[in-house]
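Q: Mind folding the following:
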Amino acid sequence: MPPSSAYSSTPPVITPASREGDANYTPPSFPIGPFTKYAGNPVLVPNAQHEFESAYIYNAAALVLDDTVFLLYRAQNAAKVSTIGLAWSTDGYNFTRLDRPVLEPSEPWEAGGGVEDPRVVRIDGVFYMTYTAWDLHKPRLCLATSTDLVHWEKQGGPLFPDFVDVECTPEGRTQIRKGHTKSGAVFPERNADGLYMMIFGDAFLCVAESDDLIHWRARPFNEHFATGVHPWENRLLEPGPTPIKTRDGRWILVYNVATTGAPGYRNNQYSISQMLVDHNRLREGPLARLDRPSLVVSAENERSGQVNEVVFCEGMVQFQGRWFMYYGQGDSELGVATADVR
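A: Numbering: from 1, shown residues only. This is a model prediction of the structure:
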């Protein structure tokens, strides 16, 4: 039987009262790891019998609710239109999938390419999903909310339609772009100023703030939070899951990187790393970051896929005494790596 071949038309019931997090959750210290890739990868693969995910499955947000791991994953059909699917598991490895998407393209800025790459945070019983709208011309960061993971309400249009930043191309050139926004990781608590903070972007890590989690103000690009310092992250940095609070009150940001080429890394190879953050002092940049990635390309379906040389994380949870890092493999399938809770 192929991995995660079970489907259901009825998902588990989630309400604002559902308990979040592992029953024996232990706050981490920096860094989390080391991680070991699951020998049974991939845990989610496309299924030709379900049109919305007939071509590719990857890049999943993750939460633990009522002793169950839930994934919101990016699915693509044969036309490469993306939707968001829902899956759940009681062991972190074997998943049942809802037989239909929970978020689909409906707006002009989503037409053609769809809705991509969810990141999810839960605050006061409400799930806030940042996702990328893709109209085949420009990616735009958007927001949707839910209380049950199934029924989502899109909150207006793109969050930062006029944002201007700088990207580094795979060839190593830099260029200015406008309105291109992706990948928003929201801190689950207000900072000392009473604001919710988001790290976003897919070149430099940039910062936005909000009073209500719906309306966001992006700080100018020249106030960006971080850029690459290592050769293996010199092309782009892109935030991963919701930041994780450490036992001493700081935060771990898992982030994705790409390189223009470095010893041991091919041009445009992606890796997954971690940095330590104080969300009261984002203007000062990261407190620390790893000197080597947490996870690198090694498996054949990471070397070769819809996009070659890719591991990419948007969801990580603590569950049953282990950390589960869910990551896209070659933009084609979904794998998991685990680490002991220390």
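
Q: So in the chain, where's the weakest helix or strand by average pLDDT?
A: Between all helices and strands in the chain, the lowest mean by mean pLDDT, DSSP states H and E belongs to strand 164-168, at a mean of 86.

Q: on contacts alone, who are the packing partners of that strand?
A: Judged by 3 or more Cβ pairs under 8 Å, 6 or more residues apart in numbering; DSSP states H and E, strand 164-168 is in contact with strand 174-178. C-betas here are computed from N, CA, C, even on glycine.

Q: Report all helices and strands that the strand it packs on contacts.
A: Checking 3+ Cβ pairs under 8 Å, 6+ apart, strand 174-178 ends up next to strand 164-168.

Q: How far off centre is the least confident helix or strand of the chain?
A: Relative to its chain's centre, strand 164-168 lies at 20 Å (Cα atoms, centre = their mean, to the nearest Å).

Q: Just the residues contacting that strand, thanks.
A: For strand 164-168, the surrounding residues in contact (Cβ atoms under 8 Å, 6 or more residues apart in numbering) are 174-178, 180, 201-204, 206, 221, 224, 234-236, 260.

Q: Which ones among these lie within strands?
A: Using DSSP state E, the members of the contacts of strand 164-168 that fall in strands are Thr174, Gln175, Ile176, Arg177, Lys178, Cys206, Leu236.

Q: Kindly state the beta-bridge partners for the residue lying closest to the fourth one once chain neighbours are set aside.
A: So that's Arg177. The spatially closest residue to Arg177, leaving aside those adjacent along the chain, is Glu167, at 5.8 Å (Cβ to Cβ, 6 or more residues apart in numbering). Bridge pairing for Glu167 (DSSP bridges) gives the partners Gln175.

Q: and the gap between Glu167 and Leu282?
A: 21 Å (Cβ to Cβ, to the nearest Å).

Q: which residue ranges form the helices in the stretch 151-300 of the chain?
A: Using DSSP state H, counting those that start in this stretch, the helices of the stretch 151-300 of the chain run over residues 300-303.

Q: quick one on the thing from earlier: most neighbours, which of the ones in strands among the contacts of strand 164-168?
A: Comparing the ones in strands among the contacts of strand 164-168 on neighbour count, Cys206 comes out first with 28 neighbours (neighbours: other Cβ atoms under 10 Å).

Q: how far away is that residue from Thr96?
A: Cys206 is 37 Å from Thr96, where distance means Cβ to Cβ.

Q: The stretch 51-200 of the chain: strands as residue ranges?
A: 56-65, 68-76, 82-89, 96-98, 114-123, 126-134, 139-146, 153-154, 164-168, 174-178, 185-186, 196-200 (DSSP state E, counting those that start in this stretch).

Q: These: which one's closest to Val297?
A: Among the strands of the stretch 51-200 of the chain, the nearest to Val297 by Cβ to Cβ is strand 56-65 (13.7 Å).

Q: now that closest one, how far from the chain's geometric center?
A: 8 Å.

Q: And it, what's buried?
A: Buried residues in strand 56-65, counting neighbours by 16 or more other Cβ atoms under 10 Å, are found at Tyr56, Ile57, Tyr58, Asn59, Ala60, Ala61, Ala62, Leu63, Val64, Leu65.

Q: Show me what the third one is bridged to.
A: Read that as Tyr58. Here Tyr58, judged by DSSP bridges, has bridge partners Arg74.

Q: Make sure it is actually in contact with Phe312.
A: Yes - using Cβ atoms under 8 Å, Tyr58 is in contact with Phe312, at 7.2 Å.

Q: rewinding a little: Glu167 and Leu282 - which one has more neighbours?
A: Each of Glu167 and Leu282 has its neighbours counted (other Cβ under 10 Å); Leu282 has more, 23 against 16.

Q: Does the more buried one touch Met198 like I think?
A: No - counting by Cβ under 8 Å, Leu282 does not reach Met198; the two are 9.9 Å apart.

Q: what residues do these two have in common as contacts?
A: Val207.

Q: Pull stretch 181-201 out as CSV, backbone CA atoms only.
A: Provided in CSV are the C-alpha atoms of stretch 181-201 (Å, rounded to 0.1, in the frame of the first residue of the first chain):
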residue,chain,number,x,y,z
THR,A,181,5.7,38.9,-1.4
LYS,A,182,5.6,35.4,0.1
SER,A,183,6.1,33.3,3.1
GLY,A,184,4.7,34.9,6.3
ALA,A,185,5.6,33.3,9.7
VAL,A,186,3.6,34.9,12.5
PHE,A,187,4.8,34.9,16.1
PRO,A,188,2.0,33.4,18.4
GLU,A,189,2.4,36.1,21.1
ARG,A,190,2.4,39.9,21.2
ASN,A,191,5.8,41.5,21.7
ALA,A,192,6.6,44.0,24.5
ASP,A,193,5.0,46.8,22.6
GLY,A,194,1.7,44.9,22.3
LEU,A,195,2.1,44.1,18.6
TYR,A,196,1.9,40.8,16.7
MET,A,197,5.0,40.4,14.5
MET,A,198,5.5,38.5,11.2
ILE,A,199,8.7,37.6,9.4
PHE,A,200,8.2,37.3,5.7
GLY,A,201,9.9,37.3,2.3
